[in-house]
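the following block contains a protein sequence and its predicted model.
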Amino acid sequence: MQTKLTLRLDEEVIRQAKESAKGMGKSLSEMVEDFFKIVTSVRRQRRKGEATRLVKELRGCIRGSKVTEEDYYKYLEEKYR
């Protein structure tokens, strides 16, 4: 069932959101609906103590690599200099 929702947003935010939606081949309503679906899904997963989809996808992705904890700290030092 479709229901109308009224939002009050800054004009520039609306303009940019419409451009983004158009670039994705979606309506602004579809983009907003997708956002709400993601937000509510993440909240539900957190309440259940489950990992989000992104965390599940990334889990174990560098297993077996030669990246060490020291490499990670070096990376962070360079990134935030």
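Sure, I can see it.

can you give me how far the helix or strand of the chain with the lowest mean pLDDT is from the chain middle?
In the chain, the helix or strand scored least confidently by mean pLDDT, DSSP states H and E is helix 53-58, which has a mean of 75. Relative to the chain's own centre, helix 53-58 is displaced by 12 Å; criterion: CA atoms, centre = their mean, to the nearest Å.

and what of stretch 9-28?
17 Å.

got a list of contacts for that stretch?
30-31, 34 (CB atoms under 8 Å, 6 or more residues apart in numbering). C-beta here means a position set from N, CA and C on the backbone, and glycine is covered the same way.

immediately after the least confident helix or strand of the chain, which helix or strand?
For helix 53-58, the following helix or strand on the C-terminal side (DSSP states H and E) is helix 69-79.

now do that next one: everything it contacts.
Applying CB under 8 Å, 6+ apart, helix 69-79 has no contact partners.

and that helix, which residues are buried?
When neighbours are counted by 16 or more other CB atoms under 10 Å, no buried residue of helix 69-79 is found.

how long is stretch 38-58 from one end to the other?
18 Å (CA to CA, to the nearest Å).

and residue 35, what helix or strand is that in?
Using DSSP H and E, residue 35 falls within helix 28-48.

if we can go back for a sec, residue 53: which of the contacts of stretch 9-28 is nearest?
Using CB to CB, residue 34 is the member of the contacts of stretch 9-28 that lies nearest residue 53, at 13.5 Å.
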